[in-house]
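Participant: Build me a model from this:
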Amino acid sequence: MTAAVLAPPQRVSPAKAVQHGLSLAWRGVLKIRKNPEQLIDVTLQPILFLVMFVYLFGGAISGSTGTYLQALAPGLLVQNTIMASLSAGVALNTDVSKGVFDRFRSLPIARSAPLVGAVLADIVRYLVAIVVLLVMATIMGFRITTNPLAAVVGAVLMIVAGLCFCWMAVFVGMLVRTPGAVQGIMIALVFPLTFGSNVFVPSTTMPGWLRAWSDINPVSLLTDAMRGLLVGGEVAGPLLGALAWLAGIVLVFFPLAMRAYRRRVG
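Facilitator: Okay, the predicted model is just below:
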């Protein structure tokens, strides 16, 4: 009788599953609050990239640091958000390695709740990355030349992009054994996307084969959309292309991640 009472229910209603996921997302937020050093990659890294690229390469690439800053800041928002999405896979791998999921299985919660919680908790990281970079860029002279609504749409787009890209990290995190391996593999996958894009230099200056890749690269499309939303320019075309890429990423990596998750945690 006692075992029957303590055993977790076989099925959980969708509403309860959402509630459990949000509860574990709050757990992730509390972990960040208690260990703020987890935010180093979304606070210090954006500042370093911004200062380094603007003052080292701005004059050579655009003729002035001010002009380069206006083009670079929206692109760095994209890069930093994608880099921030890697932590979901690292965090899940860490919890699995430390046996945290064994304790979760003994609780009457939805099996998907730990996964959903880890993904949703990363929204805080995306917001921190966006705010830190925009504040630093503004101090350096960057100005949003469109309107507040467009800026809010841009922030929402970055959060959506982070939530989509994080499924790649979750998939890798459920396949490899150590958190360090997750980060290493994901950086190897993400760097060709970010540095083979128009974030740092115009694609027109690239060799033909690289320009062809850059023009269809999801990071380039997101960057063009962000530049249009923050400093003016075309938005619709790049935005539609970027959303198509994000939908494709979710369609491919979400089921793969869920399958790997079920295999890993049982």
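
Participant: tell me the SS of Arg177?
Facilitator: Secondary structure, DSSP: H, G, I helix; E, B strand; the rest coil: Arg177 is coil.

Participant: What is the burial count for it?
Facilitator: 10 (other Cβ atoms under 10 Å). C-betas here are computed from N, CA, C, even on glycine.

Participant: Now do the phi/psi pair for it.
Facilitator: Torsion angles at Arg177 (phi, psi; degrees, to the nearest 10) stand at phi -90, psi -30.

Participant: Wait, Leu239 touches Arg227, no?
Facilitator: No - assessed by Cβ atoms under 8 Å, Leu239 is found out of contact with Arg227, at 11.2 Å.

Participant: The two: which is more packed in?
Facilitator: With neighbours defined as other Cβ under 10 Å, Leu239 and Arg227 compare such that Arg227 has more, 25 against 19.

Participant: so how far is Arg27 from that one?
Facilitator: In this view, Arg227 and Arg27 are 37 Å apart by Cβ to Cβ, to the nearest Å.

Participant: swap in Leu222?
Facilitator: 30 Å.

Participant: what's the longest helix in this structure?
Facilitator: helix 236-265 (DSSP state H).

Participant: gap between it and the chain center?
Facilitator: Counting by Cα atoms, centre = their mean, to the nearest Å, helix 236-265 is centred 12 Å from the centre of its parent chain.

Participant: same check, this time on stretch 185-196
Facilitator: Centroid separation for stretch 185-196 versus its chain: 13 Å, with Cα atoms, centre = their mean.

Participant: what comes up buried for that stretch?
Facilitator: 185-186, 190, 193-194, 196 (16 or more other Cβ atoms under 10 Å).

Participant: Not counting its own residues, what contacts it?
Facilitator: Stretch 185-196 is contacted from outside by 78-79, 82-83, 86, 89, 168-169, 172, 176, 210, 213-214, 217-219, using Cβ atoms under 8 Å, 6 or more residues apart in numbering.

Participant: Let's see the ChimeraX selection covering just the buried ones among the residues you listed.
Facilitator: Buried members of the contacts of stretch 185-196 can be picked out in ChimeraX with the line below, counting by 16+ other Cβ under 10 Å:
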select :78,79,82,83,86,89,168,169,172,176,213,214,217,218,219
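
Participant: which one of the contacts of stretch 185-196 is nearest Pro202?
Facilitator: The nearest member of these to Pro202, counting by Cβ to Cβ, is Ser214 at 9.2 Å.

Participant: So what's the predicted local confidence for the residue nearest to the closest one when sequence neighbours are not counted?
Facilitator: Closest residue in space to Ser214, ignoring its immediate chain neighbours: Ser203 at 4.1 Å, by Cβ to Cβ, 6 or more residues apart in numbering. Looking at Ser203, its pLDDT is 90.

Participant: for Ser203, what are its contacts?
Facilitator: Counting by Cβ under 8 Å, 6+ apart, Ser203 makes contact with 197, 210-211, 214-215, 220.

Participant: Which of those residues fall within helices?
Facilitator: Per DSSP H, helices hold the following members of those: 210-211, 214-215, 220.

Participant: Is it possible to get the residues you listed out as JSON lines so that each row also shows pLDDT?
Facilitator: Shown next, in JSON lines, are those (pLDDT from 0 to 100):
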{"residue": "Leu210", "pLDDT": "91"}
{"residue": "Arg211", "pLDDT": "92"}
{"residue": "Ser214", "pLDDT": "92"}
{"residue": "Asp215", "pLDDT": "92"}
{"residue": "Ser220", "pLDDT": "95"}
